[in-house]
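In: Kindly return the folded structure for what I paste below:
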Amino acid sequence: MKAFAVLGCPNEGSELFHQKMGFSLVSTLPDIGYKHGCWHDIKYYVLELNPFRGDMPEPLTYNQIKQEEER
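Out: Down below sits the predicted model:
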């Protein structure tokens, strides 16, 4: 399981915050948005919450989760 952060950059404070929380930069879309008279990047950060294992069970559907809660 992973957590993702999508940042409009430049945004040094937000980038430093996410890096300190353990997020890693995985992708940059350069000059993708225009704001306040200049072009900005979008940066994608990811944090590994639960490392992938080959023996992981299939995800449950929403209905399966609801049925478990009703028991």
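In: Can you check my assumption that residue 67 lies in a helix?
Out: Yes - counting by DSSP: H, G, I helix; E, B strand; the rest coil, residue 67 is found in a helix.
In: Look up how far residue 16 lies from it.
Out: Distance, residue 67 to residue 16, using Cβ to Cβ, to the nearest Å: 44 Å. (Glycine included, C-beta is placed from N, CA and C.)
In: Ok, residue 42 next?
Out: 17 Å.
In: Who has more neighbours out of those two?
Out: More crowded of residue 42 and residue 16, by other Cβ atoms under 10 Å: residue 42, with 15 against 10.
In: and that one, what does it touch?
Out: If a contact means Cβ atoms under 8 Å, 6 or more residues apart in numbering, then residue 42 has 6-9, 28-29, 32-33 as its contacts.
In: Filter the residues you listed down to just the ones in helices.
Out: Judged by DSSP state H, helices contain none of the contacts of residue 42.
In: and the two most separated of those?
Out: Across those, the longest distance by Cβ to Cβ is 12.4 Å; it joins 28 and 33.
In: ok, which stretches of the protein are helices?
Out: Under DSSP H, the chain gives helices at 12-20, 62-70.
In: If I average pLDDT within each of those helices, which one is lowest?
Out: The minimum mean pLDDT among these belongs to helix 62-70 (a mean of 87).
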